[in-house]
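Asker: Next comes the sequence, and after it the predicted model I'd like to discuss.
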Amino acid sequence: MSAREWIGKDFYRELGVSSDATADEIKKAYRKLAKANHPDANAGNTEAEQKFKAVSEAYGVLSDPGKRKEYDEARRLFGSGGAGGFGFPGGGSGPGGMDFGDIFGGQSGQQGGFGGFSDIFSGLFGKRGGAGAANRPQRGADVETDVRIDFVEAVKGATLPLRLSSPATCSTCGGNGAKPGTSPRTCPTCSGSGLISRSQGAFAFSEPCRDCRGRGKIIDDPCPECAGEGVSTRTRTLTVRIPAGVNDGQRIRLAGQGEPGRGGAQPGDLYVRVHVAPHPVFGRRELDLTISVPVTFAELALGGTITVPTLEGKVSVKVPPGTASGRVLRVRGKGVQKRDGAQGDLLVTLEVAVPSKMDDVAKKALEGYAEAAAEHDPRPAITEMLRERGT
């Protein structure tokens, strides 16, 4: 019987019992149907003969607890059964005429066993794929670490040494797990596949080989450094280039610097997460640098030129007469410059600094200014509102 024919069967329906029927109910239903359709009692009745074969086949599965459990698991995976097979019309082809014999790995005329169907169930019930999955090369895991840099390094870029203690390919055995001068041998139990198959009722299952632990190789004389694992923890120093303009929290990828792969597969990647320390004077807004500069009232009112620091030195910035406190002046090209040519500016915020103490000369001069500027109301709108309210 082919896998395609088998999956189209509904053994509970053949016996006329529910899927939760007890063993006694199944046995009683089978005896009744077998007696009514037995060939000896229905000579020449082809329909009765076919019915007898069907109920015998159904009873052969449902009367065996192990086979019934596997059958129930198959029903849950592929549907509730029914006339057309487990959710598939016609029991032989799927939607659009798809041949499920191809899917399950068996040909429509294949007899005995379950062919490729056993491979699917070995993956579903054994949590693994087909033969050789346990010994299949696997890419190494990615690794992440953190590095802290100062503000200037983030703006200009830097090259830093990074010291890591992480799993790496064993340098003594080269990753094969065997003591130098020896080699692993192919496991005779699984013939190097890493899996062994066993039959249970209607199904075939695959599980990791116990002799080689699913590796497909046996190491008679393990490497003294890695104990046969092919991977050891070692400390290494890498050079990490931090690009100019890196942001706080940004990750930098170092390809192939993660954990080593298994079975000759590629290693994983190393991700370096950058943490930038704040600067006591400068801030940052994308590619622009920011700075707040205290100025006097006279500098804003009369205008003039002030000196402003940058990361490279200092620049002179012209303040127009009558500049309001809080105004932002832009100094072109003094921000973050990236390798692709993008460049930011320096944004200078002017803030009036009010002295907490003044000597007599300064105080008298300021009082004279206040008298001279008495007619220049700095709050005309508020003054007008107070006047209207009679305040």
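Answerer: Good, I have the coordinates.
Asker: Would you double-check that Leu350 falls in a helix?
Answerer: No. Leu350: not assigned to a helix; according to DSSP: H, G, I helix; E, B strand; the rest coil it is strand.
Asker: That one - how many residues pack around it?
Answerer: A count of nearby residues for Leu350, using other Cβ atoms under 10 Å, gives 21. From N, CA and C alone the C-beta is placed, and that goes for glycine too.
Asker: What residues does it make contact with?
Answerer: By Cβ atoms under 8 Å, 6 or more residues apart in numbering, the contact list for Leu350 reads Val293, Val295, Leu300, Val319, Thr323, Ser325, Gly326, Arg327, Val328, Leu329.
Asker: Show me which of these are buried.
Answerer: Val293, Val295, Leu300, Val319, Thr323, Leu329 (16 or more other Cβ atoms under 10 Å).
Asker: Hmm, Val55 is touching Val17, no?
Answerer: No. Using Cβ atoms under 8 Å, Val55 is not in contact with Val17; the gap is 10.8 Å.
Asker: Identify the residues contacting Gly368.
Answerer: Gly368 touches nothing, counting by Cβ under 8 Å, 6+ apart.
Asker: So it versus Ala374, what's the distance?
Answerer: Separation of Gly368 from Ala374 (Cβ to Cβ, to the nearest Å) stands at 11 Å.
Asker: show me where the stretch 201-350 of the chain has helices.
Answerer: Listed in chain order, the helices found in the stretch 201-350 of the chain under DSSP state H, counting those that start in this stretch are 297-302.
Asker: can you list the weak-confidence ranges in it?
Answerer: 201-203, 263-264 (pLDDT under 70).
Asker: thinking again about what came up before, out of Val55 and Val17, which sits in the busier spot?
Answerer: For the pair Val55 and Val17, the greater number of neighbours falls to Val55 (22 against 18), based on other Cβ under 10 Å.
Asker: Ignoring the adjacent residues along the chain, who's closest to that one?
Answerer: Leu33 (4.5 Å; Cβ to Cβ, 6 or more residues apart in numbering).
Asker: returning to that earlier point: just name the closest of the contacts of Leu350 to Gly245, please.
Answerer: The shortest approach to Gly245 among the contacts of Leu350 belongs to Val328, at 21.2 Å (Cβ to Cβ).
Asker: list the contacts for that closest one?
Answerer: So Val328 contacts Leu347, Val348, Thr349, Leu350 (Cβ under 8 Å, 6+ apart).
Asker: Surely the second one and Arg327 touch.
Answerer: Looking back up the chat, that one is Val348. No. If you go by Cβ under 8 Å, Val348 and Arg327 don't touch, sitting 9.1 Å apart.
Asker: Would you enumerate the residues in contact with the residue most central in space within the chain?
Answerer: Closest residue to the average C-alpha location of the chain: Asp142 at 10.1 Å, with Cα atoms, centre = their mean. Shown in contact with Asp142 (Cβ under 8 Å, 6+ apart): Gly258, Glu259, Gly268, Asp269, Leu270, Tyr271.
Asker: quick one: which two of the residues you listed are the most distant?
Answerer: Glu259 and Tyr271 (12.3 Å).
Asker: How many residues are close by Ser356?
Answerer: 5.
Asker: Surely it is within a helix?
Answerer: No. With three-state DSSP as the criterion, Ser356 is assigned coil and is not in a helix.
Asker: Apart from its neighbours in sequence, what residue is nearest Thr189?
Answerer: Closest to Thr189 by Cβ to Cβ, 6+ apart is Asp211, at 4.4 Å.
Asker: got it, and Gly228?
Answerer: That would be Pro222: by Cβ to Cβ, 6+ apart, it lies 3.3 Å from Gly228.
Asker: returning to what we had before: residue contacts, the residue nearest to Thr189?
Answerer: Asp211 neighbours (Cβ under 8 Å, 6+ apart): Cys187, Pro188, Thr189, Cys190, Ile218.
Asker: With Ala372 instead?
Answerer: So Ala372 contacts nothing (Cβ under 8 Å, 6+ apart).
Asker: repeat for Pro65
Answerer: Counting by Cβ under 8 Å, 6+ apart, Pro65 has contacts Ala23.
Asker: backbone phi and psi for it, please?
Answerer: Main-chain dihedrals, Pro65, degrees, to the nearest 10: phi -60, psi -40.
Asker: measure it to Arg198 for me?
Answerer: 17 Å.
Asker: what does Ser292 give?
Answerer: Ser292 is 76 Å from Arg198, by Cβ to Cβ.
Asker: So in terms of bridging, what pairs with Thr290?
Answerer: Beta-bridge partners of Thr290, counted by DSSP bridges, are Gly283, Leu347.
Asker: hmm, back to that, separation between the residue nearest to the centre of the chain and Gln257?
Answerer: Counting by Cβ to Cβ - Asp142 and Gln257 are separated by 10 Å.
Asker: Could you do Pro320 as well?
Answerer: 54 Å.
Asker: Between the two, which is the more surrounded one?
Answerer: Taking neighbours as other Cβ under 10 Å, Pro320 and Gln257 compare with Gln257 leading, 22 against 10.
Asker: Ramachandran angles for the more buried one?
Answerer: According to degrees, to the nearest 10, Gln257 has phi -110, psi 10.
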